[in-house]
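# any chance you could fold what I've pasted below:
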Amino acid sequence: MKHIIGHKNPDTDTTCSAIAYQDFLEKQGVESQAFALGKLNKETEFVLEKFGVEAPEEISELPKDTEIILLDHNEEKQSIDNIQDLDIVEIIDHHKVKIQTDKPISIFVKPLGSSCSIIAEKYFDTHTELSREIAGILLAGVVSDTLFFRSPTTTDVDRELAEKLSGIAGVSDVEEFSLKLFAAKSDLGDISTEDLIRLDYKEFDFGEEKYGIGVMETTNVDFGLNRKDEIVTKLQEIKEKDDFSGVFFVIIDILQEKSYTLCSGDDEIALFTKLFNAEDQDDVLFVDKLVSRKKQIIPVFENM
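Down below sits the predicted model:
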């Protein structure tokens, strides 16, 4: 059996693409199962409940030599804990490839706005039956990862796929649907400071420097900004604990397309300000039109 896993800190795209790929493979006669590497966020829970789709089982490890398919990621540090003991047989992603394997495998990487876009294309290209439920969660993944087509990662293909998926899913107003997704994403309740930072958090190696970058995409930036002091304290703790060069927390205003970044120290404030020409608003670094970690933030760090 093929075990399909998305990245740690699962978001809507990684979760829904994994579930949909399980459905796709099973319709090709391939036994498979999707898993989640962490607790689902409220946006994803909203999507699965809306379309009546069961959440995947949450795991952290699998038995040695289990065959796995990596979806929406290909870096070991973002993947299952015991990945070195497992047999990677396929990778499907929309990020650049960094992983190394000890044998030839199937790798399908395409520069689209979401992994759900890639899976949706597989359905349409192979004329595989696509149910209302699966079309709905695929649509949600496309809309979520492209920030309803506001992200610079968005392509015309994503827009075309969303239109086709919305028809099958019975979503007549995709913009209204996106606002409901973002409202669910922004409903963080009494989440702890560390959980808030790690909700969409990834670790990166830039040469010999290691950084952690967390992102909060929201329609209510004050939820994060009002907790500035406790977030900065926790960023400093994570930096020291993990022996990183720095940790950043980027609060993205989805609707206004602006970002506000908190940093783990003065050196990081100076670095981020220099790299992104940020406006320092009392140690909150404001940048207009900065909304994508993958497309706008990571490449700048890689070239610093």
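# would you map the helices across the stretch 51-200 of the chain?
Read by DSSP state H, counting those that start in this stretch, the stretch 51-200 of the chain holds these helices, from start to end of the chain: 115-126, 132-145, 156-169, 174-186, 193-198.
# and the fourth one, what does it pack onto?
In this case it means helix 174-186. Helices and strands in packing contact with helix 174-186 are listed as helix 42-51, helix 132-145, helix 156-169, strand 209-218; criterion 3 or more CB pairs under 8 Å, 6 or more residues apart in numbering; DSSP states H and E. The C-beta positions use only the backbone N, C-alpha and C, and glycine is treated the same way.
# mind doing that once more with 6 Å?
With contacts taken as 3 or more CB pairs under 6 Å, 6 or more residues apart in numbering; DSSP states H and E, helix 174-186 sits against helix 42-51.
# which helices and strands does the helix it packs on pack with?
In this structure, helix 42-51 makes packing contacts with helix 12-27, helix 132-145, helix 174-186, judged by 3+ CB pairs under 6 Å, 6+ apart.
# neighbours of residue 244, how many?
Residues contacting residue 244 under the criterion other CB atoms under 10 Å number 18.
# just residue 160 next, same as before
Counted by other CB under 10 Å, the residues lying close to residue 160 total 14.
# and what of residue 52?
Taking other CB under 10 Å as the neighbour definition, residue 52 ends up with a count of 10.
# what about the closest residue to it other than its chain neighbours, distance to residue 178?
Nearest in space to residue 52, with sequence neighbours left out and distances taken as CB to CB, 6 or more residues apart in numbering, is residue 133 at 5.9 Å. Residue 133 sits 19 Å away from residue 178, taking CB to CB, to the nearest Å as the criterion.
# between those two, which one's more packed in?
Summary of the neighbour comparison: residue 133 and residue 178, criterion other CB under 10 Å, with residue 178 having more neighbours (24 against 19).
# residue contacts, that one?
Taking CB atoms under 6 Å, 6 or more residues apart in numbering, we find residue 178 in contact with 143, 148.
# from residue 121, how far out is it?
With distances taken as CB to CB, residue 178 is found 21 Å from residue 121.
# isn't the residue nearest to residue 52 up against residue 49?
No - with contact defined as CB atoms under 6 Å, residue 133 does not reach residue 49; the gap is 11.4 Å.
# picking up where we left off before, so which of the helices of the stretch 51-200 of the chain comes closest to residue 283?
Evaluated with CB to CB, the helices of the stretch 51-200 of the chain place helix 193-198 nearest to residue 283, the distance being 16.2 Å.
# elements contacting the closest one?
Using 3+ CB pairs under 6 Å, 6+ apart as the contact criterion, the secondary-structure elements in contact with helix 193-198 are helix 228-242.
# could you check the angle strand 209-218 makes with the helix it packs on?
Orientation note: helix 228-242 sits at an angle of 150 degrees relative to strand 209-218 (axes from the mean of the first three to the mean of the last three CA atoms, to 10 degrees).
# please save the CA atoms from helix 228-242 in PDB.
In PDB, the C-alpha atoms belonging to helix 228-242 read as follows (Å, rounded to 0.1, in the frame of the first residue of the first chain):
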ATOM      1  CA  LYS A 228       3.800  41.100  19.700                       C
ATOM      2  CA  ASP A 229       5.700  41.000  23.000                       C
ATOM      3  CA  GLU A 230       4.900  37.300  23.800                       C
ATOM      4  CA  ILE A 231       5.600  36.300  20.200                       C
ATOM      5  CA  VAL A 232       9.000  38.000  20.100                       C
ATOM      6  CA  THR A 233       9.900  36.300  23.400                       C
ATOM      7  CA  LYS A 234       8.900  32.900  22.000                       C
ATOM      8  CA  LEU A 235      10.900  33.600  18.800                       C
ATOM      9  CA  GLN A 236      14.000  34.300  20.900                       C
ATOM     10  CA  GLU A 237      13.400  31.000  22.900                       C
ATOM     11  CA  ILE A 238      13.000  29.000  19.600                       C
ATOM     12  CA  LYS A 239      16.200  30.600  18.200                       C
ATOM     13  CA  GLU A 240      18.200  29.600  21.300                       C
ATOM     14  CA  LYS A 241      16.700  26.200  21.700                       C
ATOM     15  CA  ASP A 242      17.300  25.200  18.000                       C
END
